[in-house]
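Peer 1: dropping a prediction and its sequence here:
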Amino acid sequence: MNKMVKLLSSTVIVSTLVVGSSSAYITSNSQDVQAQSEQVQKWGHGEGGASLSAANMESDTELEAETPWYKYEGYTTYDPSFTQDYNFVRALKYDNVTMNGYKVDPEADSKVKYNETVYDTTVAFNKDDEAVQTTFFTKPDSVSKETFKDAHSSNQIIEEGKLGNDDGTFVEYKTNKGSYTAFFDHNDKLMEMTISQ
């Protein structure tokens with residue numbers, strides 16, 4: 001009799017767990033996914049990679065790699081992980097990063113005429129309305145200088161030094177036609193990045 005009671009109570013507990021998790025799954029598919037989608041739009045989302053295209057129309061097996069790219073939309077201060085994303089680092093090298101809809105043109109006239117702010121990204125434009133520089137803040141106290149430099153080790157450092165008034169340090173990297181600079185606070189934590197010609 002005791003064995004039968006234990007078996008029935010075990011079956012009830014297992015059934016409750018299965019039904020409970022199934023119910024939570026159904027709930028998460030409606031409201032949670034919508035909330036997550038809204039957070040992505042508000043806080044930011046990056047994606048990137050290298051597209052592939054057919055090099056020879058007669059053969060699908062021969063593929064040619066295209067230029068690496070990365071697009072970020074939203075507030076850059078929400079999630080610092082994109083600054084170490086492999087696709088972001090490669091796209092920086094190839095001058096093919098789009099921040100909140102704007103990509104720096106490394107061949108445009110570099111004289112800045114005006115600035116525009118989108119989310120927490122400032123874009124500098126020349127007289128021909130071409131983006132010549134983007135500057136964005138990163139999540140405070142989250143990425144160490146060592147971690148950042150390790151993630152960007154495939155790109156060449158042009159210059160490294162201290163900021164004025166002992167406000168921190170910077171590391172400038174070479175791209176194919178321009179550069180980007182990472183700024184670190186006095187505790188060697190990433191605080192800002194600038195992509196320029």
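Peer 2: In hand now; what should we look at? Numbering: from 1, shown residues only.

Peer 1: what ranges does this structure have for its helices?
Peer 2: Applying DSSP state H to the chain gives helices spanning 2-27, 33-43, 86-93, 145-151.

Peer 1: comparing those by mean pLDDT, which bottoms out?
Peer 2: Lowest mean pLDDT within the helices of the chain: helix 2-27, at a mean of 37.

Peer 1: shaky segments in the chain?
Peer 2: Across the chain, the ranges flagged by pLDDT under 70 are 1-46, 48-65.

Peer 1: go again with 50.
Peer 2: 4-42, 52-64 (pLDDT under 50).

Peer 1: ranges for the strands of it?
Peer 2: 45-56, 59-73, 97-99, 102-103, 114-118, 121-125, 131-137, 157-162, 169-174, 179-184, 190-196 (DSSP state E).

Peer 1: could you say which one of the ones you listed comes nearest to Lys145?
Peer 2: The minimum distance between Lys145 and these falls on strand 179-184, with 4.8 Å, by Cβ to Cβ. C-beta here means a position set from N, CA and C on the backbone, and glycine is covered the same way.

Peer 1: tell me the most buried of the strands of the chain?
Peer 2: Of the strands of the chain, the one with the most neighbours on average (mean count of other Cβ atoms under 10 Å) is strand 97-99, at a mean of 24.
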